[in-house]
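In: 3D model of this:
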Amino acid sequence: MNQDRSLRRLVRREIHSSRATASVLTASVLAVVFLWLALESVLALLRDNPVLASPGQLGHWLAGVPDKTIPAGLVATGAGLAVLGLVLLAAATAGGRRSRHAFHSDRSAVVVDDEVIASAVSRRARLSAGLAPGQVTTTVSKRAVRVQVRPTSGVAVDRDAIGTAVHDELAAYSLDRRITPTIHVSKEGALGQ
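Out: Residues are numbered from 1 along each chain as shown. Predicted structure coming up:
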């Protein structure tokens with residue numbers, strides 16, 4: 001396996017969340033149920049007393065469920081099982097993504113948390129506009145950066161200068177996936193900043 005391929009694999013493992021917990025939990029529940037059914041079957045073959053119910057008792061109970069249960073209960077149970085199935089299917093197929101981005105590097109795998117990127121972008125925007133630390137907040141998502149600027153009351157800020165500073169900051173990171181910044185300057189200013 002060459003170095004580029006292993007670096008890509010490492011980055012992917014850091015950016016995407018594992019499904020191991022859901023898989024182990026589902027497999028454990030199913031294993032307990034099947035082991036219990038196997039135990040009950042062996043006890044029935046040995047003509048011993050069942051732990052909970054023999055296979056014959058379970059079959060008789062299952063055959064009588066439609067007659068002994070109100071239709072709304074059957075519908076609710078079916079809907080609950082369908083929702084559980086959809087949740088398990090979504091957990092299995094949906095790509096779980098952590099709030100991280102990868103930087104392009106020829107030598108190593110570099111993964112940075114979105115909060116770190118947001119902090120750096122906020123600092124750069126704040127310094128370019130000459131604002132206090134609490135006046136610029138940034139949120140980073142999978143494909144977007146949103147910069148919220150709250151200027152000092154009565155003092156205008158240059159939105160284009162902030163946009164250029166944010167673009168330069170993001171370009172310096174060489175992110176593996178392009179994220180587009182949006183700058184929003186609040187109409188309400190901050191007092192005494």
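In: what residues are up against the closest residue to residue 174 other than its chain neighbours?
Out: Leaving aside its chain neighbours, residue 174 sits nearest to residue 104 (4.1 Å; criterion: C-beta to C-beta, 6 or more residues apart in numbering). C-betas here are computed from N, CA, C, even on glycine. Counting by C-beta atoms under 8 Å, 6 or more residues apart in numbering, residue 104 makes contact with 174-176.
In: report the buried members of these.
Out: Taking 16 or more other C-beta atoms under 10 Å as the criterion, nothing in the contacts of residue 104 is buried.
In: what are the structural domain limits within the protein?
Out: What automatic domain parsing lists as the domains of the chain is 18-93, 100-185.
In: out of these, the one nearest residue 8 is which?
Out: Using C-beta to C-beta as the measure, domain 100-185 is the one of these that comes nearest residue 8, at 8.2 Å.
In: any regions of this protein where pLDDT drops low?
Out: Scanning the chain for pLDDT under 70 picks out 1-3, 95, 189-193.
In: helices along that one, start to end?
Out: Remark: helices assigned in the chain by DSSP state H are 3-15, 20-45, 55-68, 71-93, 114-129, 159-173.
In: other residues contacting the first one?
Out: Helix 3-15 is touched from outside by 97-98, 100-102, 105, 108-109, 111, 176, with contacts defined as C-beta under 8 Å, 6+ apart.
In: for ChimeraX, write a command that selects the buried ones of the residues you listed.
Out: A single ChimeraX command selects the buried members of the contacts of helix 3-15 (16+ other C-beta under 10 Å):
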select :100,101,102,109,111
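In: so which of the contacts of helix 3-15 is the closest to residue 155?
Out: For those, the closest approach to residue 155 (C-beta to C-beta) belongs to residue 101, at 32.9 Å.
In: for the residue nearest to the closest one when sequence neighbours are not counted, list each beta-bridge partner.
Out: Distance criterion C-beta to C-beta, 6+ apart; nearest residue to residue 101, sequence neighbours excluded, is residue 175 at 5.3 Å. Judged by DSSP bridges, the bridge partners of residue 175 are residue 103.
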